[in-house]
Structures are given as C-alpha cells and as structure tokens.
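Enquirer: quick one: sequence plus predicted model below, questions after.
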Amino acid sequence: MFRLIGLAVSIGLADSLNPSTIAPALYLATGQRAREQITEFSLAVFAVNLVCGAAVALGPGQLILSLVPHPERDVRYSLEIVAGLAMLVAGALLWRHRGRLADRSLPQVDPHGRSGRFLGATISLVEFPTAFPYFAVIAAVVASGLGPTRQLVLLLIYNICFVIPLIAIIATLVFAGDSAQRVLNTARNFLQRNWPTLLAVLAFAAGFFVVFLGATGLASHAHGGLGRAARRLHHIVTHPLGGK
C-alpha cells in the first residue's frame, strides 16, 4: 500500500505545478471576493478530478479487473515503470523547451467574470482527457487489486497533492494580510519565468522514484545477489518505518 501512496504523492506533487490551474487561480486572487472565489475554484478542481478519476477506476477499471481478477505482480511493477518513464520523457521535453515555454504568457481569465466554481469545474473537465500523469496513477491503482475503498483513498491522496499550490494561494490570502497581493504577484512573475524548469525537475524526481519502485519490484524476483539487493531496497522504500 505504501508503494502506491508514494506513487500517488510523487506524481500528484509533480503534476500540481500545472499552469492551467495555478495561473487562473492567481488571476482570481486579484478580483472581487478573492478568497471565496479561490476556495470555490480549488474545491471544484479537486471534486471534478476526484469524481472523474473514481468513475474511471471503479467503472471501466473494475470491469477490466474482473476479467483479470489477480493481476500478476510483474504487470503492476511494469505499469509503474511505464508511468515513471512517461514522467521522465515529459520532464525531458519540458527541460529542452523551457526557454520557449517560459516566453509564452500564462493562461488568463477575467477575475470579474464567471464564478470560481464554474471556472474550476470547466478547466478540470477539459483537462481530464489529457491528464496522462493522473491516468498513470489510476492504472497503477486499478492494477493493484485493492478494494474500492482503498483505491478511492489513493485517488484522494493524489488529488490532495494536486491542489496543494491552490491551498497555498488561499493560505496567502488568509494570513498575508495587506501584503497578500504583493506576494501573489511575485509568485505569478516567478511562475511565468520558471514554471517549465520547476515542472521538469518535479517530473524528473517523480519519474525516477516511480521507475525505482517498479524496477526494484521486478528485480526482487531475481535470484542471487541482484534479487537480494533489490528486495532490500524495495522493502526500505515500501516499509520506511521498519514494518514487515
């Protein structure tokens, strides 16, 4: 279970630095009823992503699982490796084109227009079909063979990690007082210049971690010194508190 928690957290954090959600949130923070609008926006993003992910995992995912009720562990580990490699490729592409991407303007919205709730739900619904990191988490969760409740918990963890930057914006509005707008404007300018680099680094970190989980899982079946070393490493990562 901890292996999957690590996967959900690492990919969720890497995916959280998403200009499609952070940039509109920063613009909403400059409008009227900023705190209320950002809160509605964040809740809508969280709820729509969670519901869509659960619908896939507990719908088509459970249908596939019923056809293959006991997925081989090698299949699960292979899915993790594929997910990690996809993150590494995405990180490499972001790094290669970071200069050109940073020159593009961040997505803009009218902070005095549609409600935060409507905007968050719309963005999430439009983005969901291309949310490949999220689909990697869903695939690994479904292939785990865990019950529906535990699968929902894992999707919940991913989505909490995904909205952490939005929670940080809300916290800034609540606790920064009169300097909130200055802090958020600084954050937006920093994001404009550096989001491709930051996202690439997070994607690399998450990708290496997820590949490590899958690779040590596969190698743990080997005989000899390689198998023993892989089992030890895999156990350390998946049982950080020394559990068996």
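Expert: Sure, I can see it.
Enquirer: isn't Ile167 right next to Thr39, touching?
Expert: No. Ile167 lies out of contact with Thr39 (CB atoms under 8 Å); the separation is 9.6 Å. For the C-beta atoms, the positions are set from N, CA and C on the backbone; glycine is no exception.
Enquirer: those two: which has the busier surroundings?
Expert: Legend: neighbour count by other CB atoms under 10 Å for Ile167 and Thr39, higher for Thr39 (21 against 15).
Enquirer: what's the helix or strand hosting that one packed up against?
Expert: Using DSSP states H and E, Thr39 sits in helix 34-58. Helix 34-58 is packed against helix 19-28, helix 116-127, helix 132-143, helix 148-162, helix 164-175, with contacts defined by 3 or more CB pairs under 8 Å, 6 or more residues apart in numbering; DSSP states H and E.
Enquirer: quick one, which of the ones you listed gets closest to Gly217.
Expert: Taking CB to CB, helix 132-143 is the member of the helices and strands packed on helix 34-58 nearest to Gly217, at 11.3 Å.
Enquirer: buried residues, that closest one. List them.
Expert: Neighbour counts over helix 132-143 (16 or more other CB atoms under 10 Å) mark Pro133, Tyr134, Phe135, Ala136, Val137, Ile138, Ala139, Ala140, Val141, Val142, Ala143 as buried.
Enquirer: low-confidence ranges in this structure?
Expert: Along the chain, segments meeting pLDDT under 70 span 61-75, 105-114, 221-244.
Enquirer: closest one to Leu43 among the helices and strands packed on helix 34-58?
Expert: helix 116-127 (7.3 Å).
Enquirer: tell me how far stretch 142-162 is from the chain's mean position?
Expert: 12 Å (CA atoms, centre = their mean, to the nearest Å).
Enquirer: with stretch 174-184 instead?
Expert: On CA atoms, centre = their mean, the centre of stretch 174-184 falls 26 Å from that of its chain.
Enquirer: CA atoms of that stretch as CSV?
Expert: What follows is stretch 174-184, C-alpha atoms only, in CSV (Å, rounded to 0.1, in the frame of the first residue of the first chain):
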residue,chain,number,x,y,z
VAL,A,174,-5.8,34.4,4.7
PHE,A,175,-2.6,35.0,6.5
ALA,A,176,-0.5,37.5,4.5
GLY,A,177,-2.9,40.4,5.1
ASP,A,178,-2.2,43.6,3.2
SER,A,179,0.9,42.1,1.6
ALA,A,180,-1.1,39.2,0.0
GLN,A,181,-1.4,40.8,-3.4
ARG,A,182,2.3,41.6,-3.5
VAL,A,183,3.2,38.1,-2.5
LEU,A,184,0.9,36.6,-5.2
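Enquirer: now the top helix by length along the chain against helix 164-175, angle please.
Expert: Counting by DSSP state H, the longest helix found in the chain is helix 180-219. Here helix 180-219 runs at an angle of 150 degrees relative to helix 164-175 (axes from the mean of the first three to the mean of the last three CA atoms, to 10 degrees).
Enquirer: what is helix 180-219 packed up against?
Expert: Against helix 180-219 (3+ CB pairs under 8 Å, 6+ apart) you get helix 2-16, helix 19-28, helix 73-96, helix 98-103, helix 164-175, helix 224-238.
Enquirer: against which helices or strands is the shortest one packed?
Expert: It stands for helix 98-103. For helix 98-103, where contacts count as 3+ CB pairs under 8 Å, 6+ apart, the packed elements are helix 180-219.
Enquirer: for the helix it packs on, buried residues please.
Expert: 180, 183-184, 187-188, 191-192, 195-196, 198-204, 206-207, 209-219.
Enquirer: what's the answer for stretch 17-27, then?
Expert: Leu17, Asn18, Pro19, Thr21, Ile22, Ala23, Pro24, Ala25, Leu26, Tyr27.
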